[in-house]
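[1] Below: sequence and its predicted model.
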Amino acid sequence: MQEKGTISIHTENIFPIIKKFLYSDHEIFLRELVSNAVDATQKVKRLASLGEYTGDLGETRVEVSVNKKKKTITISDAGIGMTAEEIKKYINQIAFSGATEFVEKFKDAGDAKEIIGKFGLGFYSAFMVAGKVEIDSLSYQEGAAPAKWICDGSTEFEITEGKRKTRGTTITLHVNDDSEEFLEDFRIQQILDKYAKFLPIEVKFGEKDEQVEDGTDKEGKPKYKTVKKDNIINNTDPIWTKSPADLTDEDYLNFYKELYPFSEDPLFWIHLNVDYPFELTGILYFPKLKNDFEMQKNKIQLYSRQVFITDEVKDVVPEFLMLLHGIIDSPDIPLNVSRSYLQSDGNVKKINSYITKKVADKLGELFKKERESYESKWDDIGLFVKYGMISEEKFYDKAKDFALVKNVDGKCFTIEEYEKHIEANQTDKDKNKIWLYASNPAKQDSFISAAKDKGYDVLVLDSPIDSHFVNHMEQQLKTTQVKRVDADNLNKLIDKDEKPELVLNDEQKESLKGVFEKAIDSKTYTVNVDGLSPNDAPVTVTMPEFMRRMKEMQATGGGGGFNMFGAMPDNYEVTVNGNHPLADKILKADAEEAQGGLAKQAFDLALLSQGLLEGKDLTDFIKRSTEILGK
Ligand SMILES: Nc1ncnc2c1ncn2[C@@H]1O[C@H](COP(=O)(O)OP(=O)(O)OP(=O)(O)O)[C@@H](O)[C@H]1O
């Protein structure tokens, strides 16, 4: 049997075009050919298990090999094989017509990665690296004749009776001069490691050295020798394909190590497993995060039936869970289409909300069943939860019951618990519940202890997401306001309308104000004289909550377009406590110089407690204070 023919495609010269499109993604040819080999092997195994193939299955490995001298790469399988007719049908018609369609549709497309495969370009991608491709195949069907197909990449092909004696298919690529990088073992190993690591059929690529024990030496210590072993690329049975009931914690931890060899153990994980209305399996791990989350993105790998596709899972995984690690395997995600299409794809939307729901359920369950351990992990998971609450309404609805806030003494509360906890003492005259928080307890210590003296509770909200989070909580809770403990005087932060009367008359008040304005001498600070408790600080310097929060939100992205706040100079309010004995002392001081000195010293102390005193001002302050001690 010998037949020559013309492949029925309409576009002449399709190779240069395909090459141009696919240039950056040439390595994909190996993924495609190895996946085809794996598919063919799985098919014959299935036929055998159904009793439709009764021959001996034998060794079913897929083997990849490189012959540098001959400049060939071969991919060999013991799958179902193809008869000459099938080659004509599947390769000439399907694979090639797919290629034609590809070229016609995507003449002007940009990113080949997004489209390859969609049109059965799988086999065809061989021509990205090879000038000539051969297929040697023997079908599993009884009495089938071996078939050999050769194509030099033009539209001409040649098919003859082949010589293959064993069931399966070997694809031989005669590698182009400009693709010789693929004749290097390390390059092939690298590509296989990337795409084939978890394929369900063993893939062998050459041999590797392994150290094995070889008796003992004179001192009785074990001796080792190097032996050659088959180099098997993949773990054919990754745990995400198994049932959670058959797995132990150790299995999950070991698999995590396999994926990310140098990472700390994860906090916990979720095993995903659905088959309707879409098929999806996978394991998502919650890593230890702290605040260095930028480095951690793109750690989720997307697979389609155990073939690695990409680690860009945007759209499939909700944005707030992009920091998770692990694997998602779904044949139902359209992998090869454009981004905008992916966003509007029904399955992708469903998968996205399924993942959100699973994560919320898992967190809710941990919170209910193991509250103590959940609390101990809060510093790591808080970021996900807060991010999720801000960005996904559905997640918020569930998470509001297990989101925690932690106070400066390390005690955790749910939102509801906290509202109850502070209700009695921290409700202002307008019936708003006021949460007080510190963003840096060490720096804001004087404010925290002043709040504690009044019996107030102070939370710690110190992650970059917290200003967005508190904004969101205020909107959701409506009658709750969240204020940083140093944002104003406590009497104003929680205004209960029980402020003491100012003991100064108007003239004294103006005079005191003038003394401070002169001593401070800066437009950054606005001075007010107010009547606080004589036990309160004589002077406080604060930045209004609203302005500070806007600045913070802008610094971490977002903030509702209030760009002007970034450009605005810092602005602080200076509150002079007219009821403090110092006010009286200043007013009674005989010389203007003495008045100014006292005011300046009190103001600097206020700056110091805010961590705002630095540079020359700090040096001058220390000098002045030392002089006072010497007096
Ligand atoms: N190693 C093989 N053994 C048996 N049949 C094969 C082999 N390789 C390819 N085929 C046949 O050729 C067809 C075309 O292959 P090709 O890779 O172009 O597309 P596909 O695998 O169907 O789809 P895609 O790769 O785009 O997902 C396959 O569907 C299969 O029937």
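    Happy to help now that I have it.
[2] distance between stretch 427-441 and the chain's centre?
    33 Å (C-alpha atoms, centre = their mean, to the nearest Å).
[3] how about that stretch: buried residues?
    427, 432, 433, 434, 435, 436, 437, 438, 439, 441 (16 or more other C-beta atoms under 10 Å). (C-beta placed from N, C-alpha, C; glycine too.)
[4] ends of it, how far apart?
    This stretch, stretch 427-441, spans 23 Å end to end (C-alpha to C-alpha, to the nearest Å).
[5] For the ligand, what's the nearest residue on this protein?
    Residue nearest to the ligand within the chain: residue 122 (2.2 Å; C-beta to the nearest ligand atom).
[6] how about the nearest residue to that residue, chain neighbours excluded?
    residue 32 (4.0 Å; C-beta to C-beta, 6 or more residues apart in numbering).
[7] That neighbour - how many residues pack around it?
    22 (other C-beta atoms under 10 Å).
[8] average pLDDT across the helix or strand hosting residue 603?
    Using DSSP states H and E, residue 603 sits within helix 592-609. Averaged over helix 592-609, pLDDT sits at 88.
[9] Now do the helix or strand just after that helix against helix 592-609: the angle between them, please.
    Downstream of helix 592-609, the next assigned helix or strand under DSSP H and E is helix 615-630. On the basis of axes from the mean of the first three to the mean of the last three C-alpha atoms, to 10 degrees, helix 615-630 is oriented at 120 degrees to helix 592-609.
[10] List the buried residues for stretch 159-169?
    159, 162, 164, 167, 168, 169.
[11] The third one: what's it in contact with?
    Remark: with contacts taken as C-beta atoms under 8 Å, 6 or more residues apart in numbering, residue 164 is in contact with 136, 137, 138, 146, 148, 170.
[12] Correct me if wrong: residue 544 contacts residue 573.
    Yes. Assessed by C-beta atoms under 8 Å, residue 544 is found in contact with residue 573 at 6.7 Å.
[13] the more surrounded of these two?
    More crowded of residue 544 and residue 573, by other C-beta under 10 Å: residue 573, with 18 against 15.
[14] any low-confidence regions in the stretch 51-200 of the chain?
    94-121, 155 (pLDDT under 70).
[15] Tell me where it has helices.
    According to DSSP state H, counting those that start in this stretch, the stretch 51-200 of the chain carries its helices in the segments 84-86, 96-105, 185-195.
[16] Name the SS class of the residue lying closest to residue 461 once chain neighbours are set aside, please.
    Distances taken as C-beta to C-beta, 6+ apart place residue 437 nearest to residue 461, at 4.4 Å, with adjacent residues excluded. Assigned by DSSP: H, G, I helix; E, B strand; the rest coil, the conformation of residue 437 is strand.
[17] tell me which residues form a beta bridge with residue 437?
    Residue 437 forms beta bridges with residue 459, residue 484, as assigned by DSSP bridges.
[18] show me what contacts it?
    For residue 437, the contact set (C-beta under 8 Å, 6+ apart) comprises 458, 459, 460, 461, 466, 470, 482, 483, 484, 485.
[19] same deal with residue 525?
    541, 572, 573, 574.
[20] so which of the residues you listed are also by the ligand?
    When C-beta under 6 Å from any ligand atom is applied, no member of these is adjacent to the ligand.
[21] I'd like those residues as TSV, with pLDDT appended.
    Listed next are the contacts of residue 525 as TSV, based on pLDDT from 0 to 100:
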residue	pLDDT
541	88
572	88
573	89
574	92
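[22] Please pick the buried ones from those residues.
    Of those, these count as buried by 16+ other C-beta under 10 Å: 541, 572, 573, 574.
[23] hey, what's the last one bridged with?
    Beta-bridge pairing of residue 574, defined through DSSP bridges, involves residue 527, residue 541.
[24] from memory it sits against residue 540, does it?
    Yes. When contacts are counted by C-beta under 8 Å, residue 574 is listed as touching residue 540 (7.4 Å).
[25] joint contacts of those two?
    residue 606.
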